[in-house]
Structures are given as structure tokens and as C-alpha cells.
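Colleague: A predicted structure for the sequence below; I have some questions about it.
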Amino acid sequence: MTNQSKTDSKNSVDAVFQDRAILAEKRAAALKKRNKAEKRFQWAGRISIAFGIACVLFLFTDIISKGAGAFTQTYVEMEITFDQERLGLTPQSTEKEIKAASFGSFFKRQLREKYPEITGRKEKRELYALFTSDMPLILRDMVIADPSILGSTQSISMIADDDFDTYYKHSYGRDLAEEDKITRLSEMQEGIVDSLAKSGAVTKKFNTILFTNSDSREPELAGIKGAIVGSILTLLVTLVLSFPIAVATAIYLEEFAPKNKITDFIEVNINNLAAVPSVIFGLLGLAIFINFFGLPRSVPLVGGFVLTLMTLPTIIISSRAAIKAVPPSIREAALGMGASKMQTVLHHVLPLAMPGMLTGTIIGMAQALGETAPLLMIGMVAFIVDTPAGITDPATVLPVQIFLWSDSPERAFVEKTSAAIMVLLTFLICMNSFAVWLRKRLERRW
Amino acid sequence: MNQIIMNTAQQPLVDIVTETYQTSGLPLLEDPKMRVRNANVFYGTKQAIFDVNLDIGKNQVISMIGPSGCGKSTFLRCLNRMNDTIDICRVEGQLLLEDQDIYDKKIDVVELRARVGMVFQKPNPFPKSIYENVAYGARIHGLTDNKVQLDELVEVSLIRCGLWKEVKDRLDEPATGLSGGQQQRLCIARAIAVNPEVILMDEPCSALDPIATATVEELIHELSENFTICIVTHSMQQAARVSQRTAYFHLGKLIEVNDTSQVFTNPEHQLTEEYITGRIG
């Protein structure tokens, strides 16, 4: 190599490898840029989380502020004299006789006697309307339960009508302009309520009716018991059907099925089904279970069938993921010991995959619990006053109950709607926390 | 067996093995435990094992060495049909366990694996108790009649693996809580609990530290009195320490089989020599 060529090659090397000082500067500039980009990235994440939390907070404050009122109910303490003569009953009267007695007019007369100054027909009706329309029936049931109270005077907590309730909760005792008052009461009714309240007869108690009654046209008597029982029955059917079917499907597809076009096709279809809008499953249920098989409408059995169709893909997919996550070394160990394929799956793979499967199932169930659209299709949207006693009784479910109440004109139902949403959310949060807990509890390290 | 002779020390280093070849050394024995004749293994269209002929001696330890990907593990897994689990894997040729073709349709693979047990590279105890791990084989094969017998079997198996003293007070604790070496010995205890005739070991010490390795090697040595052991290993020292015979695999072909001392001191084939002196592998 000549000197000349040596210098040349040195020059070209210099051209490629620049001065270290310049490189350091360039590096510093690049580093600054990188650090900035990382900061930006972090902030983007923080802002997204903050936005998410804000949305959740807004939702919760809105629901809780609207619905908190529904957990209390206004009662009026009032002395009622069970006059034997007026009722035409004696403590020896049979239940049939008591049922035939006219408690309606008896109750109205009692009220009229408390307010002798009210004379007009319209005013009288307004007076009666301050109390729930079921009040005579409640009095009758008291007498049936204990006929010995006949002839005595009892202090009774009377359920206030929803308009009374709303006025008392939101407008009473507040210095509000006439147009700001949330009330449907007439001035005369307001006067009665005000005087009752001043005398200390009006009390707010925890609203047990909300949890012990089913749906009603009267907001003060409407409860979610029927909807909760309906939801539980529907979910029970869903769970009993979907869990074994999904687990069996997942195990077969993962462990036994040959890998070929047919299984690929099945897999694609399962994934597709997971994305099908739930209302379609409702229509399918309507066509197959109700029209073709002739099962009754509005029953948890059919609701459970439909929700099973809907949750199956979810559970299958999560179960397959759980089975896939079981290390192959465990399978090899079992097979190497001479365990058959089935023994390997039942003794080793399934127990290890179970936490994942159960988590998937609970999440699927939570999804099913919140589902409304497919149930509307099969008629679970009906107004049902009785609490369902079995899976073939007409029923409704919590989200449908919320849907129904949100549509009702009475102001008190706004409260009830939010309260029902709170109960539903509580159920969902409980189920999801249970899933997390279960996962932590059953998870094994290997 | 194909009779083309070509493997001599004068051959070039690479590409020395062609489609037909002859295994150097002494691949065949009298009255062996297992006989392998013209074994070819394919993964799909790719051939992994070429025309292997090998006898595995009774109550002997045979080690299989060779560079990564040479097919020694694949060959080992053919011996108890663990390759059945791989859909695309196809095994041709004759593999006999005491004159019984193990790939015969009449052979139940469950029965075969009870006779030919296996220990894997990574200790893989079941995530159950120590007791359950050892008792599992006896349970599924219905080997014991009652709890007392099962307890005894578990104890004896653990004693034979030198694990009894260490775990006798915590048989109900999870096996995954043991150290790596203990786990591997537990896996061996689990394998011998069903009293197999042959134990296959696929690099049983590669995940263990030197002390645990020494313990396991000692155990292998003791077990060879009663069991036929085939061990795949990457460590030539280990092969030299534990085995009576050594088989050298190269690119799916069985290059040389001989007494271990012979292989390591005086290899016949050039490839074997290259490998044991560290020039390839």
C-alpha cells in the first residue's frame, strides 16, 4: 500500500466517523428529543387515564345523586282506630269475612275524620291521594295477621304517595320559588304535608319496599325484587348451560381436534360469534325457542338460552386461552408417565386452566347480567308484578327493569331508575371483584 | 442395513454424511433390551433421523451426544412414542422392546410408557403435593391395592432417589416449592415409582447447578443396576461419567456407537473425534 492510498483511506474513514465532540453534541440533541418524546408519551397515557376516571366519576356522581333518594321512603305516623262496628268485624271473624270487609271506605272515613275541614269532593280525593293506594289493603292484611287489634287504636306507619314523597324529599322546608319546586301536589295538599311534617308525624326510613316488592305502577310500591330474582334465574340457566358446553368445546378444540380446515373454520366462526350484536341472538331465540320449539315468552328459561348463545363464544375463547397457557411440560410429564390423553387433560390441564376459565365465565356472566336487547326480543320486557318462582314463570331482569322505569313519566321513577342502576352496578362490581379474587386464589405458579 | 462404506478419516469435514452410511463402532449387541432397526423420522417432509440402527443393552446406561439439532432428543422420544403427540411427526423402521414392535398397532401407548418412562430436560413436577407426584403413576396404572401399599411405594421410590430424608416431613407440600435439583430427583422418583424397564432421560441435568448435577449423576449410576437408562446429554464429561456406552449423532445420523471409554479415548470416526475434541458442536 502506498502512502497516498493510506491517506485516502484515512480521509474516507474520517468522513464516516466524525469528530467525537460533534458526535457528543448530536447525541445530546437526539437524547433531548427522545426524552421529550418519552415525556409526551407518558403524559398522553396520564391524560387518557384522567379522562377515563373523570367519566366514571361523572357517571357515578350523577347516578348516586339521582338515585340516593330512592333508598329512603317517606312514612306518615297516624293513629288508626280499627272500629269493629264500622268494619262490621269482630276478633272472631274468619279470614274470608275480613277480606270481604270494606277497608277502602273505612280508611277514607278515618282520613276525613282527621281533617273535618275538608269538605269538597275534589279536595277529599286529593287528601286520599296523599297516601299510597294500597293503604286499605295493608290495613286489611294487618287485621288478617292479628284480628285482636280490632277495636283498638294503633299507631301506623303509612306509606306516603310518590308525589308526597318527592315533595317532602326535594321541596319541603326549602325556601324555593314556586316554579322551582319539584312537586305535583296542590296547594291544599302541600298545606297538609307541611302541617303533618311540623307535627313530627312524617319520617324518612330506609326503603325496604325497594328490595321486597316487585314492579308496580305506583312508584312508592315498586321494587326490584322480581327483577333481581329474574336476573338470578336467567343467569343460573345461562351458567348451567354455557359453562359445561364452553369448557367441553374449548378442551376438544385445543386438545383433541385435529388441526385442519374444519377446525380452522369453526375457530373463525366462534370468533365471529363473539362480535355478533346481541340483539341478533334475541331474534334467533325468538325464532327458534319461542316460534319453533313453542317455549313460553318472557321466561328466564328462554332468556337463559339466548344469553347462553351470547356468552358461549366469550367463555370458549377465554377457556381456550387458559388451556393454551398451561405449560406443555406438564402435558409431557403426564403423557410420559403413561397417562392417557383424557387423564392428562382431566388431572393436569383442566385444574391448571380452571382459574382462567372461571374468570372468563364470570366476565361472560357479568356481560349477560347487563344484557337488555336480546331479552326485549323474547318478551322479557313485560310488566310483571309477581316475583318469579321458577324458570318458567314470566319474569323480567334488572337491566330491563331499568329500561322500563326510565321510560315511566312519574318523577319518582327517575329516582328508582338510578337506584336500580346502582344495584346493578353493585352486582357487576361484586362479580368482577370475585373474578379477580378467584384468579388470585386459584392461580398456581410453576 | 445399507452397506455402502464411506466413513473414513480421510473424508472432508463438512457434508461427510450422505444418504447412505454405516455407523462406526459397535451399534449392535447380543440380547439387548431395545433394538432399533432402520429408523427414519420425519417432521412433515423434513427428515430428522436417517436410518439409525442401534441396540440398547440391558441394565446399561447409554448416552447420546451430538451437536444441537442432531436428532438425539427426537430419537430418544421415539423410544416411548412421545413423538405421537406431534401431528406431523412420522416414524418408520422397527423399534423393538424385547422383540415387541413398539409401533405395532396392537401396542397400547399407555402400557408402553409404563414400561419405558421418561425424565425431561426441565424439571416438570405436577403442581401438586410431593406425595401426589410420586403416587400419580401408580394411581393411573392401578399398581397398588391400598393406601398402605401406596405409601410404601412412595417412600421406597423417594428413598431410591435419595430424596426421602429431605422431603419426608413435607410430603403434602407442593412439589414446585422444591429446589431445581430436588425437583428433578422427584421427577426421577415419579418415573421409577411405576417400575419401568427403561428410563429415558432428555438432558436431565441441563437446568441444574453442578452440585445437583453430581447428585443426579450418582443416582443414575445407582439406578442402572435395575433399569436400562438412555440419557441424552450435551456434556461429554457427563456422558463419560455415567454411561457404559456412548452414541454420537450428527445431523440426524448415528455416526458412532461404542463403549464410552472407547469413544472418548479412541474414536473411530473423524466426526466423533472432531466433536469430542471440541472442534465442532
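Modeller: Looks like it came in fine. Note that the coordinates shown come from a computational prediction; the quantities given were computed from them, not determined experimentally.

Colleague: need the helices for the stretch 151-281 of chain B, in chain order.
Modeller: Using DSSP state H, counting those that start in this stretch, the helices of the stretch 151-281 of chain B run over B:164-167, B:180-192, B:210-223, B:236-242, B:260-265, B:270-276.

Colleague: which ones are touching B:Glu268?
Modeller: B:24-25, B:256, B:258 (CB atoms under 8 Å, 6 or more residues apart in numbering or on different chains). Using the backbone N, CA and C atoms, a C-beta is placed for each residue, glycine as well.

Colleague: For the stretch 151-281 of chain B, list the residues in contact with chain A, please.
Modeller: Counting by CB under 8 Å from any CB of the partner chain, the stretch 151-281 of chain B comes close to chain A at B:174, B:176, B:187, B:190-191, B:194.

Colleague: Save those as TSV, and put in neighbour count and pLDDT too.
Modeller: Formatted as TSV, these follow (neighbours: other CB atoms under 10 Å in any protein chain shown; pLDDT from 0 to 100):
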residue	neighbour count	pLDDT
B:Pro174	18	90
B:Thr176	18	88
B:Cys187	29	93
B:Arg190	30	93
B:Ala191	28	92
B:Val194	22	90
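
Colleague: closest to chain A among those residues?
Modeller: B:Thr176 (5.3 Å; CB to the nearest CB).

Colleague: these two touch, right, the closest one and B:Pro125?
Modeller: Yes: between B:Thr176 and B:Pro125 there is a contact under CB atoms under 8 Å: 6.3 Å.

Colleague: related to what we said a few turns ago, mind putting the contacts of B:Glu268 in a markdown table, distance to B:Thr74, neighbour count and pLDDT included?
Modeller: Output for these, formatted as a markdown table (distance: CB to CB, whole Å; neighbours: other CB atoms under 10 Å in any protein chain shown; pLDDT from 0 to 100):
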| residue | distance to B:Thr74 | neighbour count | pLDDT |
| --- | --- | --- | --- |
| B:Ser24 | 21 | 21 | 86 |
| B:Gly25 | 21 | 21 | 85 |
| B:Glu256 | 18 | 27 | 91 |
| B:Asn258 | 22 | 22 | 91 |
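
Colleague: what ranges of the chain fall below the confidence cut-off?
Modeller: You didn't say which chain, so I picked chain A. Along chain A, segments meeting pLDDT under 70 span A:1-15, A:444-446.

Colleague: Chain B, not that one
Modeller: In chain B, residues with pLDDT under 70: B:1-19, B:281.

Colleague: the strands in it, which residues?
Modeller: Secondary structure of chain B, counting by DSSP state E: strands at B:24-25, B:34-43, B:46-56, B:61-65, B:89-97, B:100-101, B:116-119, B:198-202, B:228-232, B:245-250, B:253-259.

Colleague: what's the last one packed up against?
Modeller: Strand B:253-259 sits against strand B:24-25, strand B:46-56, strand B:245-250, helix B:270-276, with contacts defined as 3 or more CB pairs under 8 Å, 6 or more residues apart in numbering or on different chains; DSSP states H and E.

Colleague: Please tell me how far the spatially closest residue to B:Val134 that is not a sequence neighbour sits from A:Ile156.
Modeller: Using CB to CB, 6 or more residues apart in numbering or on different chains and skipping residues adjacent in sequence, the residue nearest B:Val134 is B:Val154, 4.5 Å away. Distance, B:Val154 to A:Ile156, by CB to CB, to the nearest Å: 73 Å.

Colleague: Look at those two and report which has more neighbours.
Modeller: Ranked by neighbour count (other CB atoms under 10 Å in any protein chain shown), B:Val154 and A:Ile156 place B:Val154 first, with 23 against 18.

Colleague: With adjacent residues omitted, what lies nearest to residue 88?
Modeller: You didn't say which chain, so I picked chain A. A:Ala101 (5.9 Å).

Colleague: Chain B was what I was after
Modeller: B:Gly44 (4.5 Å).

Colleague: Tell me, how many residues neighbour that neighbour?
Modeller: Neighbours of B:Gly44 (other CB under 10 Å): 11.

Colleague: Pull the contacting residues for the nearest residue to A:Gln92 once chain neighbours are set aside.
Modeller: Closest residue to A:Gln92 apart from its sequence neighbours, by CB to CB, 6+ apart: A:Pro147 at 7.6 Å. A:Pro147 sits next to A:89, A:91-93, A:98 when contact means CB under 8 Å, 6+ apart.

Colleague: where's A:Pro147 relative to chain B, distance?
Modeller: 64 Å (CB to the nearest CB, to the nearest Å).

Colleague: how about A:Gly173, phi and psi?
Modeller: The phi and psi values for A:Gly173, taken as degrees, to the nearest 10, are phi 70, psi 10.

Colleague: who's in contact with it?
Modeller: A:Ala197.

Colleague: So it versus A:Tyr167, what's the distance?
Modeller: For A:Gly173, the distance to A:Tyr167 - CB to CB - is 10 Å.

Colleague: With A:Glu126 instead?
Modeller: 13 Å.

Colleague: likewise A:Ile49?
Modeller: 42 Å.

Colleague: Who has more neighbours out of the two?
Modeller: Per other CB under 10 Å, whichever of A:Ile49 and A:Tyr167 has more neighbours is A:Tyr167, with 25 against 10.

Colleague: Can you tell me the SS state at that one?
Modeller: Classification of A:Tyr167 using DSSP: H, G, I helix; E, B strand; the rest coil returns helix.

Colleague: Who are the contact partners of it?
Modeller: A:181-185, A:190, A:193.

Colleague: Check these and tell me the two furthest apart.
Modeller: Maximum pairwise distance among the contacts of A:Tyr167 (CB to CB): 13.3 Å, between A:Ile182 and A:Val193.

Colleague: Looking at those two, which one has more neighbours?
Modeller: Each of A:Ile182 and A:Val193 has its neighbours counted (other CB under 10 Å); A:Val193 has more, 24 against 12.

Colleague: Thought A:Leu127 was touching that one, still the case?
Modeller: No: between A:Val193 and A:Leu127 there is no contact under CB under 8 Å: 10.9 Å.

Colleague: What is the neighbour count of the residue of the stretch 51-200 of chain A found nearest chain B?
Modeller: At 36.7 Å from chain B, A:Gly52 is the closest residue in the stretch 51-200 of chain A, using CB to the nearest CB. As a burial measure, A:Gly52 scores 10 neighbours (other CB under 10 Å).

Colleague: can you confirm it is in a helix?
Modeller: Yes: according to three-state DSSP, A:Gly52 belongs to a helix.

Colleague: Please name the residues that touch it.
Modeller: Per CB under 8 Å, 6+ apart, neighbours of A:Gly52: none.

Colleague: now B:Arg81
Modeller: B:102-103, B:109, B:112-113.

Colleague: In chain A, where's the longest strand?
Modeller: Every strand in chain A considered (DSSP E), the longest is strand A:72-81.

Colleague: In JSON lines: the helices and strands packed on strand B:253-259, plus distance to A:Ile245.
Modeller: Below are these laid out as JSON lines (distance: least, CB to CB, whole Å):
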{"stretch": "strand B:24-25", "distance to A:Ile245": "58"}
{"stretch": "strand B:46-56", "distance to A:Ile245": "39"}
{"stretch": "strand B:245-250", "distance to A:Ile245": "48"}
{"stretch": "helix B:270-276", "distance to A:Ile245": "55"}
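
Colleague: Among these, show me which one is buried the most.
Modeller: The highest mean neighbour count among these, using mean count of other CB atoms under 10 Å in any protein chain shown, belongs to strand B:245-250: a mean of 28.

Colleague: Chain B contacts on the stretch 251-400 of chain A?
Modeller: Going by CB under 8 Å from any CB, the residues of the stretch 251-400 of chain A near chain B are A:258-259, A:327, A:329-340, A:343, A:347-348, A:352.

Colleague: Counting by contacts, list what the longest strand of chain A packs against.
Modeller: helix A:103-114, strand A:153-159, helix A:162-170, strand A:202-206.

Colleague: List the strands paired with it, with their directions.
Modeller: strand A:153-159 (antiparallel), strand A:202-206 (antiparallel) (DSSP bridges).

Colleague: Looking at these, spot the one closest to A:Asp407.
Modeller: Across these, closest to A:Asp407 is strand A:153-159 (CB to CB), at 23.7 Å.
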